[in-house]
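S.K.: quick one, what's the 3D model for this:
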Amino acid sequence: MNSDQQPLWTPSSERVAGAVITDFMKEVSRREGIEIRDYAGLYRWSIDRPEAFWATLWDYCGVVAETRGARILADGDRMPGARFFPDARLNFAENLLRRRDGGTAIVFRGETKVERRLTWAELHDAVSRMAGALKSLGVGPGDRVAGLMPNMPETVVAMLAATSLGAVWSSASPDFGVQGVLDRFGQIKPKVLFSVDAYYYNGRTIDVLDKLARILDGLPTVQRCVVVPYVSEDVDLSRLHRAVDLSAFVAGQPAGEIPFVRLPFDHPLYIMYSSGTTGVPKCIVHGAGGTLLQHLKEHRLHCDIRRDDRVFYFTTCGWMMWNWLVSALATGATLVLYDGSPFHPDGNALFDYAEAEKVTLFGTSAKYIDALAKGGYRPADSHDLGALRTLTSTGSPLVP
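M.R.: Residues are numbered from 1 along each chain as shown. Below you'll find the model as predicted:
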């Protein structure tokens, strides 16, 4: 920064004092017997003492586990080969479902067509029923469960149910073409596939079932395709083999305790994919413990997310930011989900939503921000965004 340039925004001293990262620095100073005064000092210490940093973060965030184990880092001089928390056993979904009360866990809008809410208790019950249904099919540790789903509550439920059993979750957006889906899911051989009947985009209803029939033809490992009725209550599944609607899939499964399977720290959690610009998309496996800790660090220390915050990120289930967003449940925050065009009926759609739901973190892409600027939109002037503390683009805070 040149001497004549000024920051776009500087936090007040009160905000700095009340930030989660400031409290974390105090905890580090207390535990380590040192004085961490600022971000630069915390960063330097985390690089010099990675074992101490991650152990402190684990304790500070209250990670739920069968055991953390005495060892924090094994073979730390090897790359690849270093292993964090090699003796730990935990379950990712268990850490995201700590709450089970009447507070709001998920708010959802599907353009102007659908609005729904789930409490923490309702979310827990839905996951428990879904986990029971998956378990009845023999789904267990290491099995793959895939979703061709919009960014909606049922997608979160399916992911949590699968990972509660130790299965590996992978998702794509329903706007992907048949070959694009097969290029991804064909490599991982899923046992169960979740899909919707159709979805909304820019005011239109777009059918998925014809495409889904061709996808199932190319995925012989799928034992059951679970269709979520998003657009129609009564979905005709006669053209689909191995398919059942969601209500029939969970019928007879009582809501209750979830049998979380606690597994090693690096047990596979997600399979995501490279862009596919250099051939068939490459599978990228993310471990349960590493994903949990990294997201807790980013959410709490970098984005200042707290219990009962309302966290929004404009994303589809084909982008890794969906996985990032969902982890906010581990902090006790409310997920604010949106599926559809961000410009329907006009460019105010997402900020109307943020104002109505008192969103505290608003995440989106740089392309969307640029489109707003070109369209002459000024949401700070047209909307009451007083609850908003953080605006972030592709994971980088613009206003921390």
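
S.K.: the spatially closest residue to Leu212 that is not a sequence neighbour sits in which helix or strand?
M.R.: Leaving aside its sequence neighbours, Leu212 sits nearest to Ser195 (C-beta to C-beta, 6 or more residues apart in numbering; 5.2 Å). To be clear about C-beta, it is placed using only N, CA and C from the backbone, and glycine gets the same treatment. Ser195 belongs to strand 192-196 when assigned by DSSP states H and E.

S.K.: related to what we said a few turns ago, hmm, Pro229 and the residue nearest to Leu212 touching each other?
M.R.: No - using C-beta atoms under 8 Å, Ser195 makes no contact with Pro229, being 10.8 Å away.

S.K.: the stretch 201-350 of the chain: helices as residue ranges?
M.R.: Assigned by DSSP state H, counting those that start in this stretch, the helices in the stretch 201-350 of the chain fall at 209-217, 246-250, 288-296, 320-326, 349-357.

S.K.: can you redo those as CSV with mean pLDDT, mean neighbour count and distance to Arg71?
M.R.: What follows is those, written out as CSV (pLDDT from 0 to 100; neighbours: other C-beta atoms under 10 Å; distance: least, C-beta to C-beta, whole Å):
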stretch, mean pLDDT, mean neighbour count, distance to Arg71
helix 209-217, 97, 18, 43
helix 246-250, 98, 18, 40
helix 288-296, 98, 21, 13
helix 320-326, 97, 21, 27
helix 349-357, 97, 19, 43
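
S.K.: those: which one's closest to Asp308?
M.R.: helix 349-357 (12.5 Å; C-beta to C-beta).

S.K.: the closest one - contacts with which helices or strands?
M.R.: strand 310-313, strand 334-339, strand 361-364 (3 or more C-beta pairs under 8 Å, 6 or more residues apart in numbering; DSSP states H and E).

S.K.: can you give me the angle the helix or strand that the last one is followed by makes with helix 349-357?
M.R.: For strand 361-364, the succeeding helix or strand toward the C-terminus, using DSSP H and E, is helix 366-375. Using axes from the mean of the first three to the mean of the last three C-alpha atoms, to 10 degrees, the interaxial angle of helix 366-375 with respect to helix 349-357 works out to 100 degrees.

S.K.: use 7 as the first number for this chain going forward.
M.R.: From this message on, residue numbering opens at 7, which makes the last subject helix 372-381.

S.K.: toward the C-terminus, what is the element adjacent to helix 372-381?
M.R.: Going down the chain from helix 372-381, the next helix or strand is helix 385-388, by DSSP H and E.

S.K.: identify the residues contacting stretch 184-192?
M.R.: For stretch 184-192, the external contacting residues (C-beta atoms under 8 Å, 6 or more residues apart in numbering) are 152, 154, 176, 178, 182, 199, 217, 220-221, 224-225, 279, 282, 286-287.

S.K.: weed out the non-buried ones from these.
M.R.: Among those, those buried by neighbour count (16 or more other C-beta atoms under 10 Å) are Ala152, Leu154, Ser176, Ala178, Phe182, Leu199, Lys217, Ile221, Leu225, Tyr279, Pro287.

S.K.: confidence score at the closest residue to the third one other than its chain neighbours?
M.R.: Once flanking residues are discounted, Ser176 sits nearest to Ile277: 4.1 Å by C-beta to C-beta, 6+ apart. Taken from the predicted model, the pLDDT recorded for Ile277 is 98.

S.K.: returning to what we had before: now the buried ones among the contacts of stretch 184-192 as a markdown table including distance to Asp131?
M.R.: Formatted as a markdown table, the buried ones among the contacts of stretch 184-192 follow (distance: C-beta to C-beta, whole Å):
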| residue | distance to Asp131 |
| --- | --- |
| Ala152 | 24 |
| Leu154 | 25 |
| Ser176 | 25 |
| Ala178 | 27 |
| Phe182 | 31 |
| Leu199 | 23 |
| Lys217 | 31 |
| Ile221 | 30 |
| Leu225 | 30 |
| Tyr279 | 32 |
| Pro287 | 35 |
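
S.K.: inside strands: which ones of those residues?
M.R.: Ala152, Leu154, Ser176, Ala178, Leu199, Tyr279 (DSSP state E).

S.K.: wait, the fifth one sits on Arg150?
M.R.: Looking back up the chat, that one is Leu199. No - at 9.6 Å, Leu199 does not count as touching Arg150 under the criterion of C-beta under 8 Å.

S.K.: now do stretch 59-67: everything it contacts.
M.R.: So stretch 59-67 is contacted by 30, 33-34, 37, 51-52, 74, 78-79, 90-91, 299, 302-303, 306-307, 336 (C-beta under 8 Å, 6+ apart).

S.K.: for stretch 374-387, same thing?
M.R.: Phe320, Pro348, Phe349, Gly353, Asn354, Phe357, Leu391, Ser399.

S.K.: switch those over to CSV; also include distance to Val69.
M.R.: Below are those laid out as CSV (distance: C-beta to C-beta, whole Å):
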residue, distance to Val69
Phe320, 29
Pro348, 34
Phe349, 40
Gly353, 40
Asn354, 40
Phe357, 35
Leu391, 33
Ser399, 28
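
S.K.: out of the residues you listed, which end up buried?
M.R.: Buried among those (16+ other C-beta under 10 Å): Phe320, Pro348, Phe349, Gly353, Asn354, Phe357, Leu391, Ser399.

S.K.: check contacts around the second one.
M.R.: The contact partners of Pro348, taken as C-beta under 8 Å, 6+ apart, are Phe320, Ala355, Leu356, Thr370, Tyr374.

S.K.: now the last one
M.R.: With contacts defined as C-beta under 8 Å, 6+ apart, Ser399 is in contact with Gly369, Thr370, Ser371, Ala372, Ile375.

S.K.: neighbours of the third one, how many?
M.R.: Using other C-beta atoms under 10 Å as the criterion, Ser371 is surrounded by 16 other residues.
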